[in-house]
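Student: Can you look at this prediction? I've put the sequence above it.
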Amino acid sequence: MTVLFPTRSVAFLLSIGLVDLISTAVLHRQGLIVELNPLMRIFIEQSEWLFAFVKGLTLGAAWGALAWYARTDKNFVNKASTVGSVAYVLLWCSWFFGAA
């Protein structure tokens, strides 16, 4: 693809993270959900903006690491991003449906 998104799986993983960030912040602001991730709960209870900032930093760090390493081993980055995407969705679904 490009230097920005070395593989489609990297773009997909970051898209999942961005959707998670936005939906969590909006639904929490409306009082419809509670953040189940104990690390991120600390930030969202202070402010949705702080949560979005910290979550954005983690997504940015992940993107930076994946884009940097893709120059060395694009195949590994593709596989890691694919596995990461599946794990992210499975964990999110288990928390979401487990809390209902």
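Tutor: That came in fine, so what should we check first?
Student: all contacts plus neighbour counts: C-alpha atoms, from now on.
Tutor: Will do.
Student: what's the burial count for K79?
Tutor: 14 (other CA atoms under 10 Å).
Student: And V10, how far from L66?
Tutor: 7 Å (CA to CA, to the nearest Å).
Student: mind checking pLDDT for T2?
Tutor: Reading off the confidence values, T2 has pLDDT 71.
Student: Look at it and give its secondary structure.
Tutor: Look at T2: counting by DSSP: H, G, I helix; E, B strand; the rest coil, its state is coil.
Student: how close does it get to A67?
Tutor: 9 Å.
Student: Likewise for W92?
Tutor: Taking CA to CA, one finds W92 at 24 Å from A67.
Student: the more surrounded of those two?
Tutor: A67 (20 against 15).
Student: what kind of secondary structure is the nearest residue to the more buried one once chain neighbours are set aside in?
Tutor: In this structure, A67 finds its nearest non-sequential neighbour in P6, 6.2 Å apart by CA to CA, 6 or more residues apart in numbering. Per three-state DSSP, the secondary structure class of P6 is coil.
Student: Near P6, how many other residues are there?
Tutor: Neighbour tally, P6, other CA under 10 Å: 20.
Student: measure it to L13 for me?
Tutor: Counting by CA to CA, the gap from P6 to L13 is 12 Å.
Student: One more: L90?
Tutor: When L90 is compared with L13 (using CA to CA), they lie 13 Å apart.
Student: Could you list the low-pLDDT ranges of the protein?
Tutor: Applying pLDDT under 70 to the chain flags the ranges 1, 3, 99-100.
Student: repeat that for 90
Tutor: 1-6, 36, 92-100 (pLDDT under 90).
Student: all strands in this protein, in order from the N-terminus.
Tutor: Secondary structure of the chain (DSSP state E): no strands present.
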